[in-house]
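**Student:** Build the 3D model from these lines:
(chains A and B)
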Amino acid sequence: MEDSLLKQAKSLYQDRIRIVLSLLIIGVTVTVYVFYSSGIVALIQDSTPQGWTAGLEVVVSYNTFGFALALILMVLGYRFWTQAFLPSPATVYTLGVLRGILGPRASIKMTLGRRFRVTLPDGSGFVLRCTIHDRGSNEWFLYHVVSTEINTPDIRSLALRHGFGVENRRLIGTVSHEELHARTALLAKALSLASES
Amino acid sequence: METDTENATIYELLQLMASLNDTRRAILIALAHIYPRSVSGVQLSRLIGYSGKSRSLYRGVISHLKENEMIQIDQLTPKLYAIRINNEHPLLSVLVDLCKVHGDASRAVYLKALEEE
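**Tutor:** Residues are numbered from 1 along each chain as shown, chains lettered A, B, ... in the order given. Model (predicted):
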């Protein structure tokens, strides 16, 4: 990866993941303490638990219920955090490339989930979704492109000629970060051709 | 008039190839030269000098190229795939023709590389 902004974004992302994971470990320890240090509130009321039923009472208790809930919340929060945000240097890179090739008249909005919603002056547009560290290809910063619906009869030929595929009358494609500039330009060209015809 | 439309197609082909990154370009160029032969994922990753694992090549770049209908993949056995360029693609068929007419020397290089196994 050559681009310095993306390099920064990558190391920032890795650092943040490390910090958050270590915070999660501390968080789990603290929640264990919070939920199990006070008295055990059993779900099944048995007046005098003995032997292994006493152990069972600890497992089947409101404490475990609360602990599991707290754990689920933490994991969900982590998942949301990893999915929702793009490190800011990567955002700067993406916005810079898009703005550069599409010009000042295109509207570019960034939304949650690392999406960039681009609307061209003629009303057509596309959505870019950025994946960080794609598992299949092992690639950092991969973009999935989906255009708005196109209603020309020769959509397939139009898509293929510009290096994209078709799904539900939309142009789709997977674009690596080096290709972002050139392929966005081709996509904009394809969309303008489609709106002309 | 005819050369004009031909030139237009070649212009589009050039633009398409320029928009792809090195790995994808290397795959298409190699596959266009050896067409109609198909290669397996491992052969392809050697042929283009891919440094990563052929598995990540397969699950990444190759599946993306297939999504855009630039290549075709036939599953021979659960683990063996035959990859070849999509000659139905409006621009890549032109590339295949160009390679057929002008690419004899390069084809010899690619085919020799495939033989040494």
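
**Student:** Give me the contact list for the helix or strand bottoming out on mean pLDDT in chain B.
**Tutor:** Averaged element by element with mean pLDDT, DSSP states H and E, chain B has its least confident helix or strand at helix B:54-57 (a mean of 76). Residues outside helix B:54-57 that contact it (CB atoms under 8 Å, 6 or more residues apart in numbering or on different chains): A:Gly136, A:Ser137, A:Asn138, B:Thr23, B:Gly41, B:Val42, B:Leu44, B:Ser45, B:Tyr50. Just so you know, the C-beta spots here come from the backbone N, C-alpha and C atoms, and that holds for glycine as well.

**Student:** can you rerun that using 6 Å?
**Tutor:** A:Ser137, A:Asn138, B:Gly41, B:Val42, B:Ser45, B:Tyr50 (CB atoms under 6 Å, 6 or more residues apart in numbering or on different chains).

**Student:** is the helix or strand where B:Ile29 lies anywhere near chain A?
**Tutor:** Assigned by DSSP states H and E, B:Ile29 belongs to helix B:22-34. No: judged by CB under 6 Å from any CB of the partner chain, helix B:22-34 and chain A are separated, with a smallest distance of 7.9 Å.

**Student:** buried stuff in that helix?
**Tutor:** Buried positions in helix B:22-34, judged by neighbour count with 16 or more other CB atoms under 10 Å in any protein chain shown: B:Thr23, B:Arg24, B:Ala26, B:Ile27, B:Leu28, B:Ile29, B:Ala30, B:Leu31, B:Ala32, B:His33, B:Ile34.

**Student:** what ranges do the strands span in chain A?
**Tutor:** Ranges of strands in chain A, per DSSP state E, are A:107-111, A:115-119, A:125-131, A:142-147, A:165-167, A:170-176.

**Student:** what about chain A, any weak spots by pLDDT?
**Tutor:** Scanning chain A for pLDDT under 70 picks out A:1-2, A:44-49.

**Student:** Those residues of chain B touching chain A, which are they?
**Tutor:** Counting by CB under 6 Å from any CB, chain B sits next to chain A at B:12, B:16, B:19, B:21, B:56, B:59-60, B:64, B:67-69, B:89-91.

**Student:** Please repeat the previous calculation with a cut-off of 10 Å.
**Tutor:** B:9, B:12-13, B:15-24, B:52-53, B:55-70, B:86, B:88-92 (CB under 10 Å from any CB of the partner chain).

**Student:** from those, which would you call buried?
**Tutor:** By 16+ other CB under 10 Å, the residues of chain B next to chain A give B:12-13, B:15-17, B:19-21, B:23-24, B:56-62, B:64-65, B:67-70, B:86, B:89-92 as buried.

**Student:** Filter these down to the ones in helices?
**Tutor:** Secondary structure from DSSP state H places B:12-13, B:15-17, B:19, B:23-24, B:56-57, B:64-65, B:67, B:92 of those in helices.
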